[in-house]
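Visitor: One predicted model, sequence on top.
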Amino acid sequence: AQKVTQAQTEISVVEKEDVTLDCVYETRDTTYYLFWYKQPPSGELVFLIRRNSFDEQNEISGRYSWNFQKSTSSFNFTITASQVVDSAVYFCALSEGNTGTASKLTFGTGTRLQVTL
Amino acid sequence: DGGITQSPKYLFRKEGQNVTLSCEQNLNHDAMYWYRQDPGQGLRLIYYSQIVNDFQKGDIAEGYSVSREKKESFPLTVTSAQKNPTAFYLCASMTRDSSYNEQFFGPGTRLTVL
C-alpha cells in the first residue's frame, strides 16, 4: 500500500524567509509519480510540481525548488523568499505509474504554511 | 475556458436525505475522480471512473454512489447510509494520454448535514 507522510502540521515564517516542506513516501511500485499541490483558502487544489521515479534531477522553477531523493524516499519542496500569498495548505501526493490508466493519488495530511509580514 | 466546475459551492442537507453533487469538465479528459477532505486531513478517494459507463470504488466508497453516463459529467450522490457526510468534496479529472498522471481539480463543494 502507498503512503505519504507530511510530518509538519503547521509552519509559520516571516515574509522573505525560505521555507522547506517535508514529504516522505512509501510505495512498492518501481514506477511512480510525486506531486505537490497548493490549497489556498478558497479550497481548490492547484498543481505545483511533479516528478517521476526515474528522474532524480532537482530543479528550480521561479521561487519553487524541490529535492527528490529515492534513497531516503523523500520529496521535499522549498519556497524561496516567501510571500504572504504563499499562505496555504500544501499537499504532497503519490500515484502509481501505470500510464494510461486512472491512477489514484495518495495524499499526505498537508502542511499549513502561514507567511506573515 | 477549459476547466472543472462543481456545484453547488455550499450544500446543506438534513439527516436521512440523499443529495447529489455535480461535477462537469470540458477538458475532454477520460478519467474522473471524487475525493473527500476532512479538517486536518488529506484527500481520500471515494470513486473514480476511467471511461464512460464504468467506475470503481475508492478507499471510502460506503454510503456514496456515482454514475458516468457522459464523458464530461461524474455526479456523486451522498446517500443516507453515509454516517458522517459533512466534509469538503473535490472532483478531479485526468487525461489517459498523460504520462505524468497529473490530476486537475474543481473548486469543491462543502456539504454540511444539519
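Guide: Arrived safely, thanks for sending. Just so it is clear, the structure is predicted and the values come from calculations on it, not from any experiment. Numbering: from 1, shown residues only, chains lettered A, B, ... in the order given.
Visitor: For the residue of chain B found nearest chain A, list the residues it contacts.
Guide: Chain A sits closest to B:Gly42 of chain B, with a gap of 3.4 Å, by Cβ to the nearest Cβ. Backbone N, C-alpha and C define where each C-beta goes, glycine included. Residues near B:Gly42 by Cβ atoms under 8 Å, 6 or more residues apart in numbering or on different chains: A:4, A:91, A:107-110.
Visitor: neighbours around A:Val19, how many?
Guide: Per other Cβ atoms under 10 Å in any protein chain shown, the neighbour tally for A:Val19 reads 19.
Visitor: low-scoring stretches of the chain, by residue?
Guide: No chain was given, so I picked chain A. For chain A, the stretches with pLDDT under 70 are A:97-102.
Visitor: You answered for a different chain; I wanted chain B.
Guide: Using pLDDT under 70, chain B drops low at B:1-2, B:97-101.
Visitor: can you do 90?
Guide: Chain B contains residues with pLDDT under 90 at B:1-2, B:13-16, B:39-42, B:50, B:80-83, B:94-103, B:114.
Visitor: got the CA positions of stretch B:61-76 in CSV?
Guide: The C-alpha trace of stretch B:61-76 is given here as CSV (Å, rounded to 0.1, in the frame of the first residue of the first chain):
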residue,chain,number,x,y,z
ALA,B,61,-17.0,4.3,-1.1
GLU,B,62,-19.5,3.2,1.5
GLY,B,63,-22.5,5.5,1.6
TYR,B,64,-21.8,7.0,-1.8
SER,B,65,-22.9,6.3,-5.4
VAL,B,66,-21.8,7.6,-8.8
SER,B,67,-22.7,7.4,-12.4
ARG,B,68,-20.8,8.1,-15.6
GLU,B,69,-23.3,8.4,-18.4
LYS,B,70,-21.4,11.2,-20.2
LYS,B,71,-17.7,11.8,-20.6
GLU,B,72,-17.9,15.3,-19.2
SER,B,73,-20.1,14.5,-16.2
PHE,B,74,-19.5,12.5,-13.0
PRO,B,75,-22.1,13.2,-10.3
LEU,B,76,-21.7,12.0,-6.8
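Visitor: Tell me if it is near chain A.
Guide: No: judged by Cβ under 8 Å from any Cβ of the partner chain, stretch B:61-76 and chain A are separated, with a smallest distance of 11.2 Å.
Visitor: Format the contacts of B:Gly42 as JSON lines; extra columns: secondary structure, distance to B:Lys70 and neighbour count.
Guide: Listed next are these as JSON lines, based on DSSP: H, G, I helix; E, B strand; the rest coil; distance: Cβ to Cβ, whole Å; neighbours: other Cβ atoms under 10 Å in any protein chain shown:
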{"residue": "A:Val4", "secondary structure": "strand", "distance to B:Lys70": "32", "neighbour count": "23"}
{"residue": "A:Phe91", "secondary structure": "strand", "distance to B:Lys70": "29", "neighbour count": "25"}
{"residue": "A:Phe107", "secondary structure": "strand", "distance to B:Lys70": "27", "neighbour count": "21"}
{"residue": "A:Gly108", "secondary structure": "coil", "distance to B:Lys70": "33", "neighbour count": "26"}
{"residue": "A:Thr109", "secondary structure": "coil", "distance to B:Lys70": "34", "neighbour count": "17"}
{"residue": "A:Gly110", "secondary structure": "coil", "distance to B:Lys70": "32", "neighbour count": "23"}
